[in-house]
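*Asks:* With the input below, show me the fold.
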Amino acid sequence: MNKKIQFQLSFMMFLEFFIWGGWFVTLGTFLGNNLEATGAQSAMAFSTQSWGAIIAPFIIGLIADRYFNAERILGVLHIIGAILMYLMYQSTDFGAFYPYVLAYMIAFMPTLALVNSISFNQMTDPGKQFSFVRVFGTIGWIVAGSVISYLAWDSSENIAQGMLKNTFLMTAIVSAALGIFSFTLPKTPPKINKEEKASISEILGLDALKLLKDRNFLLFFISSVLICIPLAFYYQNASPFLTEIGVENSTFKMSFGQMSEVLFMLLLPFFFKKFGFKKTILAGMLAWTLRYVLFAFGDSGDLVFMLIIGIALHGLCYDFFFVSGQIYTDSKAGAKYKSAAQGLITLATYGVGMLIGFEIAGMISDKFLIAEGSHDWYSIWIYPAGFALAVAVLFAIFFKDEKIEYKEQ
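*Replies:* Residues are numbered from 1 along each chain as shown. Presented below is the predicted three-dimensional model:
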């Protein structure tokens, strides 16, 4: 892979995740403070990510894999996304905002697979080369959060003045830029003849359901769905929580989670080889419990360090569970079902699991609303802490350890 292509792919990843981090992190705060959304309405808005994840395989399987170059579809989707982002920027109530965010997520979620497809198509050794490209996506997310905090859009005073809506305008501009830039990317033609027929089960990866006959994989599959319920609490509630209790530069501080992803990704091969799959994934599950306990007892004063540690645990939570899970799925699937199995796990976690999680998180948030703009956060965070612990205990008891080899994903 030559330097020009590596730069193009790295810049593509930077913009892709700058876009996601540029509005999604502060969405919960914007909804509650600027659109006066209830917990249930916030859950509806965040659930659009899950609906996008569920619909994405149809777009990729029916269109990108058969009819058009991936880079062209990426360009069109991001230009559509830019228009929808601008409409979200102009929205003044939840009723007007929701259709735009739903349409946006249906357009955006397929792009996560497209940027990977474009990258892999140019690589001779993805196991070694992909991480050096993908890391720029993490940097993009961090930079987005840093810009928001640097411009103080997430400060208490500016939130009250409605400045947080500027995140949508910023994202619209960057999305339009990536849309245009995408047409200059290396060509990634369809890999499947459009004349070949594919069933819905093939497109969605449902052929991999045969793997569920394996008791261990079935338990892992169920655990993956269940652990996404507490994960949804973090995405939906972390930003409103930090803002409400008075943590300044909260968006930048939340980017510590992405910084830790880089560190824990480097530690994962060592941990995986030394302790094996079961202990690695259990460490990820227990990290979710610890994170929410720290959130429950921390505050913006002397105990702010507990909140920072909780945020920084994101790398351990995410890498040790999700990346380990991808490796385990790859090892169980075999050559025939590799892609289908990964698609099935993505559908189960980001689709079904988080869809349920956002709904529950919204209900719990409304239940512990003390007054307008004020919550009993201790009680809210104890729920996902207990749930994650229960999933970890069940996994520890019933999952039989297996010898799995670490392979770069």
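
*Asks:* Got the domain ranges for the protein?
*Replies:* 1-186, 202-400 (automatic domain parsing).

*Asks:* would you turn those domains into JSON lines with mean neighbour count?
*Replies:* C-beta coordinates here come from the backbone N, C-alpha and C atoms, glycine included. JSON lines is the format used below for the domains of the chain (neighbours: other CB atoms under 10 Å):
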{"stretch": "domain 1-186", "mean neighbour count": "20"}
{"stretch": "domain 202-400", "mean neighbour count": "19"}
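
*Asks:* May I see those domains arranged in TSV, with mean pLDDT as well?
*Replies:* Shown next, in TSV, are these (pLDDT from 0 to 100):
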stretch	mean pLDDT
domain 1-186	90
domain 202-400	87
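
*Asks:* Double-check Leu263 against Leu316; I have them as touching.
*Replies:* No: the criterion here is CB atoms under 8 Å, and Leu263 misses it with Leu316 at 9.0 Å.

*Asks:* contacting residues for Leu112?
*Replies:* By CB atoms under 8 Å, 6 or more residues apart in numbering, the contact set of Leu112 is Glu16, Ala56.

*Asks:* Name the helix or strand for it, please.
*Replies:* Using DSSP states H and E, Leu112 sits in helix 94-121.

*Asks:* Phe395 too?
*Replies:* Applying DSSP H and E, one finds Phe395 within helix 377-398.

*Asks:* just checking, what packs against that helix?
*Replies:* On a contact count with 3 or more CB pairs under 8 Å, 6 or more residues apart in numbering; DSSP states H and E, helix 377-398 meets helix 215-244, helix 256-297, helix 354-367.

*Asks:* how close does the closest residue to Met170 other than its chain neighbours get to Leu185?
*Replies:* Nearest residue to Met170, sequence neighbours excluded (CB to CB, 6 or more residues apart in numbering): Gly22, at 5.7 Å. With distances taken as CB to CB, to the nearest Å, Gly22 is found 21 Å from Leu185.

*Asks:* Ile79 now?
*Replies:* From Ile79 to Leu185 the distance is 14 Å (CB to CB).

*Asks:* related to what we said a few turns ago, so can I have JSON lines of the helices and strands packed on helix 377-398 showing distance to Gly75?
*Replies:* As requested, the helices and strands packed on helix 377-398 are exported to JSON lines (distance: least, CB to CB, whole Å):
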{"stretch": "helix 215-244", "distance to Gly75": "27"}
{"stretch": "helix 256-297", "distance to Gly75": "26"}
{"stretch": "helix 354-367", "distance to Gly75": "27"}
